[in-house]
Structures are given as structure tokens and as C-alpha cells.
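> Got a predicted structure here, sequence first:
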Amino acid sequence: MFQIFKEHQGFGKQIMLLAKNELIKKYKGAVIGPLWSVVKPLFTLFVYWFAFEVGLKSAGNVKVIFPELGKAGGTFEYSRFLFMLIGFIPWFFINESIVQGAKSIRENRQFVNKVSFPVSTIMTYTSVARLYVHIFLLGLMYLYITFIGGTYKIPGMEEAVTGGITPSIYNLQILFYMPLMFIFFLVLSWSTAPMSAFSRDFENMIVSVMSGIFWLSGIIYDSYLLVGKELPSDIIRHAMLLNPINFFANGYRNCFLYHRWFWDYKTELFVFLAELLVIFALGIFNYNRLRKKLPDVL
């Protein structure tokens, strides 16, 4: 841990510049350059908007129930695209952070061979580059839900209404969820990046399983209301808590849809914090175990 912190000491300005250059380098030669990093997720969101707001509008709204939350309990109802939009915004960051984080050392091997370069900062500026894009998309999402929104109903409303969602104090929780999301997937890359540098198979495995992880996470459906034919719904729901991506998808919806504080569902929070500690320990172990061997491998 102290080795990684030492490598970052006094390197903050360089990390920000390298993060900017990471976006420029990736889209070098393109007319609109780094804007392509925004165009792709926006096009994906447009496709889902057209599919669920136009083509499959009859599929109905998404209903979310929190019976265990006392005063915050009751039934919430949202148009399907509005519900998915707020899940997709963290997913775009998570997907890019996992995939590009795993590739970061191999794609920046020129720095690894420089004795004086702090290798752990490669994963940091790669994550910061993804964060720039995420903040921009988050701003666009907030404008959309505030001024356009969709059909929604929260406890206390007699009927569903259509329109923008009024900003509230719950929105400030993004200052808790977003930094925590950045830290979690940065720490995860301390393990995946060195291991991917040693093994192309490991890197390819990560890329291959991401689409499966998407469908196993509550990005487009409510992970609180899963019901199985063979297993009680509570078992499935509690098992879903082991997926940290659910924590952030639900967390962003806490901020903008559910009017629910992050401490209201303590089990979800404590499970995630335990996973963060495990990932943190594994990241330190794997990075320190492999970093001195990286120049020979690359």
C-alpha cells in the first residue's frame, strides 16, 4: 500500500495530463477526436430510448418496491427508459474501467521500461480518463431527467405523472457513490492490469465475460424484485448483493429516482464495503508481487 501511495506522491499533475492524453491518443486521427468516447454511449442510449419509448412502449413501466424501508417504503413506478438510463450511466464507466484498466499496462508498455516511471499511476490516469467521460455523460443525464424525465410515480402520489423530476437533496449522494465507484474499479485494476500483462488469455477472458456480467447485473431490471421458480426470491435477491455493479446501479437510482439514502439498506452497504476491502488487499498483493517482473514480460 505504501509503495503505491509513494509512486503517486507528487505525480498528481502528470496523472491529469496523461489522462487527457489517453483520450486524445485513443482517437488520434478522428475528426471529432475524444468526442467519440461520448458518441458511442449516446447512440446506445438512443437505441434503447427508441426501443422502449417507441417500439416497445406497451411493455409498461418498471415497478420497484421497498417494503423493508419503513417511511421510504412503498411502490415506485418509472418509465422503462428512465429507469434504464440511470443504470446505464454508471455501467458505461464500469465497463470501460474494467476492460481498459485490464489493458492499461500492456497498452502503455513504453512507460514500464522506464525505471523512474511509477507504474501504478498507469492504472490511475487510465481510470481518470474514463472519469472525465463519465462526468460529462452524468451531466447530460441530469439535464434529461430534470427537463424531460418520463412517467413516474413515487409513494404518496395517487396517479403517475409525466415530466421532469424535481432536483432534491438526495441528488447530493452522487458525491458518495461516484468517488467510491472510481476507487473500487481503480483498485480492481491493480490486480487485473499486471495479470493481463502476463497473460493475454486473462485479458481476453475479461473482455469476453463483460456482456455476461451486464445481464447478471441490475442495469436494465430491478435486482430487488427477482423471483425464481425453484428458489425463494429472497435468496436470489440476497445473492445479487454480491455483485458490486448492482450496488452502483442501485446507488445512482437512490440519488435520482428512489429518494432513498445510502444507509437505508445497511446490508447492501456492508456487503459492498467488505468486498472493497478484499479487492483492496488483493490489489496490493498482486501489484507488489508482479510489478518488478513486468519489464521482462513486456
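Happy to help now that I have it. Numbers count the residues shown, from 1 in each chain.
> contacting residues for the residue nearest to residue 195 when sequence neighbours are not counted?
The shortest distance from residue 195 to any non-neighbouring residue, by Cβ to Cβ, 6 or more residues apart in numbering, is to residue 202 (5.1 Å). All C-beta spots, glycine's among them, are computed from the backbone N, C-alpha and C. Taking Cβ atoms under 8 Å, 6 or more residues apart in numbering as the criterion, residue 202 is in contact with 102, 192, 195, 196.
> any idea how far the first one lies from residue 210?
In this view, residue 102 and residue 210 are 10 Å apart by Cβ to Cβ, to the nearest Å.
> Which one of the two is surrounded by more residues?
residue 102 (27 against 14; other Cβ atoms under 10 Å).
> In three-state terms, label the more buried one for me.
Secondary structure assignment for residue 102 (DSSP: H, G, I helix; E, B strand; the rest coil): helix.
> That one is in contact with residue 194, isn't it?
No. The pair residue 102 / residue 194 is not scored as a contact, 9.7 Å apart, by Cβ atoms under 8 Å.
> Tell me the helix or strand right after the worst-scoring helix or strand of the chain on mean pLDDT.
Of all the helices and strands that make up the chain, the one with the lowest confidence by mean pLDDT, DSSP states H and E is helix 233-240; it has a mean of 68. Secondary structure here is assigned by DSSP states H and E; on that basis, the next helix or strand after helix 233-240 toward the C-terminus is helix 244-253.
> can you give me the strands in the stretch 101-250 of the chain?
Along the stretch 101-250 of the chain, the stretches classed as strands by DSSP state E, counting those that start in this stretch are 150-153, 161-163.
> Which strands or helices does the first one pack on?
Same thing as strand 150-153. strand 75-78, helix 80-107, strand 161-163 (3 or more Cβ pairs under 8 Å, 6 or more residues apart in numbering; DSSP states H and E).
> Kindly report the same for the shortest one.
Using 3+ Cβ pairs under 8 Å, 6+ apart as the contact criterion, the elements in contact with strand 161-163 are strand 150-153.
> Tell me which residues are up against the strand it packs on.
The list of residues contacting strand 150-153 from outside it, by Cβ under 8 Å, 6+ apart, reads 53, 61, 75-79, 81-82, 159-162, 165, 257.
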